[in-house]
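**Q** compute the structure for the input listed below.
(one chain, ligands or ions: 1)
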Amino acid sequence: MFIPKEFTVYASEELAEKARQTLKDNDRGGYTLPTDGLYPFQWNWDAGISALGWLTFDPPRAWQEFHTLFKGMWGTADAGGANDGFLAHIIFHKDSDSYFPGPDQWGTEALSPRTSSISQPPLHATMLRWMLEASRSPEARQLAMEHLRVLVPQLLRHHAWWYRCRDPQGSGLVVNIHPWETGMDNSPAWDVPLRKVPETTRPYVRQDTRHVDASMRPPKAFYDRVVYLMDFNQQAGFDPDRILRDCPYRVHDIGIISILQRASQDLAALCDLLDLSDPAQQLRRQVARTQAAVEGLWSQRWQQYVSRDAITGELLDHPTSAGLLASYAGFSRGSADTTRQWLTETAYGLPSTRVNSPGFEARRYWRGPVWQHINMLIAKGFEGGPDDALAGQIQQSSRELLQRQGFHEYFDPLTGDGLGGAHFSWTAATYLFWLHGG
Ligand code: GLC
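**A** Residues are numbered from 1 along each chain as shown. Presented below is the predicted three-dimensional model:
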């Protein structure tokens, strides 16, 4: 990789120290902010990735991240009771006014802690399994098993929520009801389904463009629609049946589907260890259903799985990095050949949207930039298999990028520039767990 002179290239131990410091600086006592200011609360899938980083130097703190996250899980006494096991995308443990939409915007004032009303990719069971595997000494393994005995039953409720509330007919393909649920908020794949969502007419004040240049963030029309969808949930009383019937935005996101698929297999394996045979069997039945149904999401044009509009049934035929999670998920048509192709098109790892495809923008949020934790998940899908060398290649380009740029939220795939928030927890955690010393 070409390294221009003006960049500092961090040595790996120096960078690891910076990564540990990033997590410590973002620690708010039991949970980790993605980055101060821009994201001042605990985020769902960020927590899972941050825990991997903590595990490399403070294992008790790593396990604690999950216990704190699961404090936000809805139970049978919350919001009508139909959402038992729901885990929101943001848990508002403490107030902050530096983010919109904050704790007072979701209609969840009755909860403690307050949360948002949409979820995020359920990668936790996979992270927990990796944490168990990385806990090699007898003491570390014992600590891991103690935590898993508490965390696995909670995760079973969460997976049950996804299948029960987001795929009640058992089609094998869960539905998401808000672009933010996908974690890939502003992907071009959501443009068409989002166009049918009315723009809110109520006033609100965005905060994100106070922290980050507007050219890297979504436009106003996008915000007007996502605010409409947030308010829709509240008006529907968070009733999952009503939401699935009437929400104007319903999408089968290949990212959530792949991540849930992998996590359900990992959760079943954790259940085996804990002698929970019934839930393990049930999870494996769900996995088999998805394995068959996902074939309906194959894009001939892009040679990868893509998302589908659940209202119209049309494929959202955009080549996004979510479709490269097929090997990670264990789907029958893996993602190695397509990933190999993508890697020839950019010097800096895997962009969130394929370079030169419609909708690609190198510097705007989820329309092109590289996210390091996605690189890690995709690469992990190849590790130890026939495409192990591909995993090494993704790893190498990711390592070089971080050594040059430090821990930004995301990176321009064409120039390698670090973008978005700086001092970012999941980027630092990815370095520690995946790139620094393996
Ligand atoms: C942005 C990302 C989302 C992430 C959050 C906190 O909203 O799109 O995936 O969880 O930031 O990092």
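**Q** check contacts around the residue in the stretch 151-300 of the chain that the ligand sits nearest to.
**A** When you check the stretch 151-300 of the chain against the ligand by CB to the nearest ligand atom, the closest residue turns out to be Gly183, at 3.5 Å. C-beta coordinates here come from the backbone N, C-alpha and C atoms, glycine included. Contact criterion CB atoms under 8 Å, 6 or more residues apart in numbering gives Trp45, His89, Gln120, Pro121, Gly255 as the residues in contact with Gly183.
**Q** what does Tyr228 give?
**A** Taking CB under 8 Å, 6+ apart, one finds Val197, Pro198, Glu199, Thr200 in contact with Tyr228.
**Q** what's the nearest residue to it if we skip its chain neighbours?
**A** Across the structure, with CB to CB, 6 or more residues apart in numbering as the measure, the residue nearest Tyr228 apart from its sequence neighbours is Thr200 (4.3 Å).
**Q** can you give me the buried ones in the helix or strand encompassing Gln393?
**A** When elements are defined using DSSP states H and E, Gln393 is found to belong to helix 388-405. Neighbour-count burial for helix 388-405, counted by 16 or more other CB atoms under 10 Å, picks out 390-391, 393-395, 397-405.
**Q** that one: how far from the chain's middle?
**A** Mean-position distance between helix 388-405 and its chain equals 20 Å (CA atoms, centre = their mean, to the nearest Å).
**Q** what are the contacting residues of that helix?
**A** Contacts of helix 388-405 with the rest of the structure, by CB under 8 Å, 6+ apart, involve 1, 3, 7-10, 12, 15, 336, 339-340, 343, 347-350, 370, 372, 375-376, 378-383, 411, 416-418, 427, 430-431, 434-435.
**Q** ok, of the residues you listed, which come out buried?
**A** Among the contacts of helix 388-405, the ones that count as buried by 16+ other CB under 10 Å are 10, 15, 336, 339, 348-350, 370, 372, 375-376, 378-383, 411, 416-418, 427, 430-431, 434-435.
**Q** confidence score at Ser398?
**A** With respect to pLDDT, Ser398 scores 96.
**Q** one step back: strands - which of the contacts of helix 388-405 land there?
**A** Helix and strand membership here follows DSSP state E; of the contacts of helix 388-405, those in strands are Phe411, Gly418.
**Q** from the contacts of helix 388-405, list the ones also adjacent to the ligand.
**A** Contacts with the ligand within the contacts of helix 388-405, counted by CB under 6 Å from any ligand atom: none were found.
**Q** out of the contacts of helix 388-405, which sit inside helices?
**A** Among the contacts of helix 388-405, the members falling in helices are 12, 15, 336, 339-340, 343, 372, 375-376, 378-380, 427, 430 (criterion: DSSP state H).
**Q** what's the weakest-modelled helix or strand in this protein?
**A** For the chain, using mean pLDDT, DSSP states H and E, the weakest element among its helices and strands is helix 208-211, scoring a mean of 88.
**Q** helix or strand right after that helix?
**A** Downstream of helix 208-211, the next assigned helix or strand under DSSP H and E is helix 220-235.
**Q** excluding covalently adjacent residues, which one is nearest to His124?
**A** In space, His124 comes closest to Gly48 once its chain neighbours are excluded; the distance is 4.7 Å by CB to CB, 6+ apart.
**Q** and stretch 88-108, end to end?
**A** Between the opening and closing residues of stretch 88-108 we find a distance of 11 Å, counting by CA to CA, to the nearest Å.
**Q** what about the strands in the stretch 151-300 of the chain?
**A** With strands called from DSSP state E, counting those that start in this stretch, the stretch 151-300 of the chain shows them at 251-252, 298-299.
**Q** equivalent analysis for the stretch 1-150 of the chain, please.
**A** Counting by DSSP E, counting those that start in this stretch, one finds strands in the stretch 1-150 of the chain at the ranges 42-43, 90-92, 114-115.
**Q** and the ligand, which of those strands is closest to it?
**A** The closest approach between the ligand and any of those, judged by CB to the nearest ligand atom, belongs to strand 42-43 at 4.3 Å.
**Q** what pairs with the closest one, and is each one parallel or antiparallel?
**A** strand 90-92 (antiparallel) (DSSP bridges).
**Q** check whether the partner strand contacts the ligand.
**A** No. With CB under 6 Å from any ligand atom as the measure, strand 90-92 is seen stopping short of the ligand, the closest distance being 8.4 Å.
**Q** go on, stretch 41-51?
**A** Yes. Where contact is defined by CB under 6 Å from any ligand atom, part of stretch 41-51 touches the ligand, namely Trp43, Trp45, Asp46.
**Q** pull out the buried residues from the contacts of Tyr228.
**A** Among those, those that count as buried by neighbour count (16+ other CB under 10 Å) are Val197, Thr200.
**Q** format the contacts of Tyr228 as a markdown table; extra columns: distance to the ligand and pLDDT.
**A** Formatted as a markdown table, the entries for the contacts of Tyr228 read as follows, by distance: CB to the nearest ligand atom, whole Å; pLDDT from 0 to 100:
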| residue | distance to the ligand | pLDDT |
| --- | --- | --- |
| Val197 | 18 | 98 |
| Pro198 | 22 | 98 |
| Glu199 | 20 | 98 |
| Thr200 | 19 | 97 |
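**Q** so which of the contacts of Tyr228 belong to helices?
**A** Counted as lying in helices by DSSP H, out of the contacts of Tyr228, is not a single one.
**Q** picking that back up, can you pick out the most distant pair from the contacts of Gly183?
**A** Taking CB to CB, the two most distant members of the contacts of Gly183 are His89 and Gly255; they sit 13.4 Å apart.
**Q** excluding chain neighbours, what is closest to Asp231?
**A** Thr200 (6.6 Å).
**Q** and the pLDDT at Gly359?
**A** According to the model, Gly359 carries a pLDDT of 94.
**Q** I meant Ala293, not that one.
**A** In this prediction, Ala293 carries a pLDDT score of 98.
**Q** report the distance from the helix ranked longest in the chain to the chain centre.
**A** Longest helix of the chain, by residue count under DSSP H: helix 138-166. The chain centroid and the centroid of helix 138-166 are separated by 18 Å, computed with CA atoms, centre = their mean.
**Q** what about Ser352, distance to Glu14?
**A** Counting by CB to CB, to the nearest Å, the separation of Ser352 from Glu14 is 29 Å.
**Q** Leu270 reaches Met127, doesn't it?
**A** No. Between Leu270 and Met127 no contact is recorded; they are 11.2 Å apart, counting by CB atoms under 8 Å.
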